[in-house]
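**Student:** Okay, structure incoming, though there's no sequence with it:
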């Protein structure tokens, strides 16, 4: 189960790993876009039908969380996932909580046990090492990651970072960029992963959503590794509201514009009111969080979140894979057609009255692909795409909650619904005088 900062939590999540070889760090993971579910069905619901339900929701992989805390359940989850085409990021409590308890050098036997059990399984994607570590843990995490790599060089070794709204006491440093940068320098991860849950009670607080995206994007680009992000698909009593369909879409469009290379959804299976932590888990980690409204309720019923995330996933998988190999060169924020922040797109300007848009321009050679995301989950955005120079929008790659309003091959007029997103390719037109042979 993933824990929230304000509860001084400590539980799982995302990426970290070192590569000692010819390829640059993260290169193998830069060539795929994964949609990952957090929190597998608990043991009494763990069967092929339930895992097929996960795959049918557009997921590529799952982090079992409390659905598979112990070694005995690892093989069951891996076997079920394999049958439906899913991959698994194993969560092993002795490893997961080692650094949360301020211990430095991990016991090699803990690594050997989990890697020996899992490393040859075709459904294995990787292992979680730590969630939301304090900066004082980075040196020890580097050693753990190196040892994990030596024990299993074929799979991912993950650590997930705090978001920027963590306190300096939680981060271990005063500045969020320093926290992220020092983690990369110390641990040399294969991917950079973090979580950020912006949809609060009673409304959207100033959580620094874009501040974090900017830091993570900048640092991942500088390090030459992809970044992954946890998105919000549940509520938590007293802290988070249950996202609406348009709020689900808003998260997807904005992180795609910023160049996210994989996403996780927190959560898939809603943890029960009294979480079933391992009996030997230290009491300080057994914090009670009241989770509500995940994709599947804690007693096994689909919620409206299932359909909303499934719709977002089908868009994400196509959009993300169509952007593999493209450089997220420019990121722009527009209001009413005016650039408010970032670098102007080199091929177009989206214009519309009373609109807020996030635009990511991706470059590959002399080609351009552009993600245009409605930065409002409350209202639609009627936009006109104004080409720059001799660029013209030529192909719609994929869209989410977007309606084409112009006629024929004219791709300039669009209505983006709340949280809507459009991925479009632009080409340079060639004048007759320059096209003569």
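**Tutor:** Sure thing, it's come through. All of these numbers come straight from a predicted model, not from anything done at the bench. Numbering: from 1, shown residues only.
**Student:** Can you give me the distance of the closest residue to residue 137 other than its chain neighbours to residue 346?
**Tutor:** Nearest residue to residue 137 in three dimensions, chain neighbours excluded: residue 99, at 4.3 Å (C-beta to C-beta, 6 or more residues apart in numbering). Every C-beta, even on glycine, is put in place using the N, C-alpha and C of the backbone. Distance of residue 99 to residue 346, computed by C-beta to C-beta, to the nearest Å: 43 Å.
**Student:** Please apply the same query to residue 366.
**Tutor:** Here the criterion is C-beta to C-beta. By it, residue 366 lies 11 Å from residue 346.
**Student:** So for those two, which residue has more residues nearby?
**Tutor:** Neighbours were tallied for residue 366 and for residue 346 using other C-beta atoms under 10 Å; the higher tally belongs to residue 346 (15 against 7).
**Student:** The more buried one contacts residue 359, doesn't it?
**Tutor:** No: look at residue 346 against residue 359 with C-beta atoms under 8 Å: they stay out of range, at 11.0 Å.
**Student:** who touches both of those two?
**Tutor:** Shared contacts of residue 346 and residue 359, defined by C-beta atoms under 8 Å, 6 or more residues apart in numbering, are found at residue 330.
**Student:** List of residues touching the helix or strand in which residue 145 is found?
**Tutor:** Here residue 145 sits within helix 138-151, counting by DSSP states H and E. Outside helix 138-151, the residues that touch it by C-beta under 8 Å, 6+ apart are 16-20, 95, 98-99, 103-106, 108, 111-112, 115-116, 119, 127, 129-130, 133, 157, 159, 182-183, 186-189.
**Student:** just the buried members of these?
**Tutor:** 16-19, 95, 98-99, 106, 111, 115, 127, 129-130, 133, 157, 159, 182-183, 186-189 (16 or more other C-beta atoms under 10 Å).
**Student:** Just these: which are in strands?
**Tutor:** Among those, DSSP state E puts 127, 129-130, 157, 159 in strands.
**Student:** If we go by neighbour counts, what in the lengthiest strand in the chain is buried?
**Tutor:** Using DSSP E, we find that the single longest strand of the chain is strand 413-428. Using 16+ other C-beta under 10 Å as the test for burial, strand 413-428 gives 414-426.
**Student:** how near is residue 182 to residue 174?
**Tutor:** Using C-beta to C-beta, one gets 12 Å for the distance from residue 182 to residue 174.
**Student:** Ok, residue 88 next?
**Tutor:** Distance, residue 88 to residue 174, using C-beta to C-beta: 37 Å.
**Student:** what's the answer for residue 241, then?
**Tutor:** Per C-beta to C-beta, residue 241 is found 30 Å from residue 174.
**Student:** Check residue 51 too.
**Tutor:** For residue 51 relative to residue 174 (C-beta to C-beta), the value is 44 Å.
**Student:** Settle it for me: which of these two has more neighbours?
**Tutor:** residue 51 (24 against 8).
**Student:** Okay, buried residues for the helix or strand that residue 54 is a member of please.
**Tutor:** Residue 54 belongs to helix 48-56 when elements are defined using DSSP H and E. Within helix 48-56, the residues scored as buried using 16+ other C-beta under 10 Å are 50-51, 53-55.
**Student:** Reformat those residues as JSON lines; add pLDDT and distance to residue 265.
**Tutor:** Formatted as JSON lines, the buried residues of helix 48-56 follow (pLDDT from 0 to 100; distance: C-beta to C-beta, whole Å):
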{"residue": "50", "pLDDT": "98", "distance to residue 265": "16"}
{"residue": "51", "pLDDT": "98", "distance to residue 265": "16"}
{"residue": "53", "pLDDT": "98", "distance to residue 265": "14"}
{"residue": "54", "pLDDT": "98", "distance to residue 265": "11"}
{"residue": "55", "pLDDT": "98", "distance to residue 265": "14"}
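**Student:** now, which of the residues you listed sits nearest residue 303?
**Tutor:** Among the buried residues of helix 48-56, residue 53 lies closest to residue 303 (C-beta to C-beta), at 12.6 Å.
**Student:** ok, the spatially closest residue to residue 124 that is not a sequence neighbour - contacts?
**Tutor:** Closest residue in space to residue 124, ignoring its immediate chain neighbours: residue 118 at 5.2 Å, by C-beta to C-beta, 6+ apart. By C-beta under 8 Å, 6+ apart, the contact set of residue 118 is 74-75, 78, 90, 124, 127, 152.
**Student:** Mind pulling the model confidence for residue 118?
**Tutor:** Looking at residue 118, its pLDDT is 94.
**Student:** what residue ranges in the stretch 1-150 of the chain score low on pLDDT?
**Tutor:** Residues of the stretch 1-150 of the chain meeting the criterion pLDDT under 70: 1-27, 66-69, 101-102.
**Student:** let's see 50
**Tutor:** Low-confidence segments of the stretch 1-150 of the chain (pLDDT under 50): 1-24.
**Student:** Check the stretch 201-350 of the chain too.
**Tutor:** 286.
**Student:** do that again at 80, thanks
**Tutor:** Scanning the stretch 201-350 of the chain for pLDDT under 80 picks out the ranges 202-206, 272-289.
**Student:** So for stretch 176-195, mean pLDDT?
**Tutor:** Across stretch 176-195, pLDDT averages out at 97.
**Student:** Tell me the buried residues in that stretch?
**Tutor:** Residues of stretch 176-195 classed as buried under the neighbour-count rule (16+ other C-beta under 10 Å) are 176-177, 179-184, 186-195.
**Student:** List buried members of the contacts of residue 118 by neighbour count.
**Tutor:** For the contacts of residue 118, buried by 16+ other C-beta under 10 Å: 74, 78, 90, 124, 127, 152.
**Student:** Tell me which residues are up against stretch 301-315.
**Tutor:** 35, 56-59, 233-234, 242-245, 248-249, 252, 265, 270, 293-297, 398-400, 421.
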